[in-house]
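Trainee: From the sequence below, what's the structure:
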Amino acid sequence: MLGTLVLAAGIVAIPYPGPGWAIVFVGLAILASEFAWAKRVLTFAKGKYDAWTDWLGRQNLFVKLLVIGATGLIVVGTLWLLNAFWLVAGWVGLQEWTWLQSPILG
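Mentor: Alright, predicted model coming up:
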């Protein structure tokens with residue numbers, strides 16, 4: 001159960017600044033202590049992560065900036081959908097900016 005919770009938290013944290021992938025690998029390592037399938041997934045995921053970082057390291061600046069921009073859009077989009085901007089708008093008196101409100105949680 002703990003491994004599943006840690007893994008889920010890591011998956012949610014992947015696009016955000018911080019140790020998202022490290023949390024995923026810790027969750028998989030916890031699960032791998034009990035399940036053979038989790039050990040296989042952990043080995044596979046580590047290999048794919050290393051391949052991705054190697055590939056990205058070989059790319060030119062434009063591709064790296066595109067990846068950073070796409071990651072930023074994912075972060076901003078999820079914060080908007082989770083109503084984080086509307087919450088902060090309430091703190092600073094910007095409730096008239098209704099476009100900050102999430103269409104899902106609004």
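
Trainee: For the rest of this, base every contact and every neighbour count on C-alpha atoms.
Mentor: OK.

Trainee: Against Tyr16, how distant is Ala70?
Mentor: As judged by CA to CA, to the nearest Å, Ala70 and Tyr16 stand 12 Å apart.

Trainee: Give me the nearest residue to the most centrally placed residue in the chain, chain neighbours excluded.
Mentor: For the chain, Ile14 is the residue whose C-alpha lies nearest the centre (CA atoms, centre = their mean; 2.3 Å). What sits nearest to Ile14 in space, not counting adjacent residues and going by CA to CA, 6 or more residues apart in numbering, is Gly20, at 4.1 Å.

Trainee: Touching, the one you found and Leu7? I think so.
Mentor: No - using CA atoms under 8 Å, Gly20 makes no contact with Leu7, being 9.5 Å away.

Trainee: More neighbours: these two, which one.
Mentor: When Gly20 and Leu7 are compared for neighbours, Leu7 comes out ahead with 24 against 17, by other CA atoms under 10 Å.

Trainee: Tell me if I'm right that that one and Leu28 touch.
Mentor: Yes - with contact defined as CA under 8 Å, Leu7 counts as touching Leu28 (6.3 Å).

Trainee: what's the overlap in contacts for these two?
Mentor: Contact criterion CA atoms under 8 Å, 6 or more residues apart in numbering; residues shared by Leu7 and Leu28: none found.

Trainee: Check what pLDDT the residue nearest to Ile30 when sequence neighbours are not counted gets.
Mentor: Excluding the flanking residues, the one nearest Ile30 by CA to CA, 6+ apart is Gly3, at 5.0 Å. Gly3 carries a pLDDT value of 90.

Trainee: where's Gly3, which helix or strand?
Mentor: Element membership for Gly3 (DSSP states H and E) is helix 2-13.

Trainee: after that helix, next one along is what?
Mentor: Sequence-wise, the next helix or strand downstream of helix 2-13 (DSSP H and E) is helix 20-32.

Trainee: Please save the CA atoms from that following helix in CSV.
Mentor: C-alpha atoms of helix 20-32 as CSV (Å, rounded to 0.1, in the frame of the first residue of the first chain):
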residue,chain,number,x,y,z
GLY,A,20,9.1,13.7,-9.2
TRP,A,21,11.1,11.0,-10.9
ALA,A,22,13.0,10.1,-7.7
ILE,A,23,9.7,9.7,-5.9
VAL,A,24,8.4,7.4,-8.7
PHE,A,25,11.6,5.3,-8.5
VAL,A,26,11.3,5.0,-4.7
GLY,A,27,7.7,3.9,-5.0
LEU,A,28,8.6,1.3,-7.5
ALA,A,29,11.5,0.2,-5.3
ILE,A,30,9.1,-0.3,-2.4
LEU,A,31,6.8,-2.3,-4.6
ALA,A,32,9.8,-4.3,-6.0
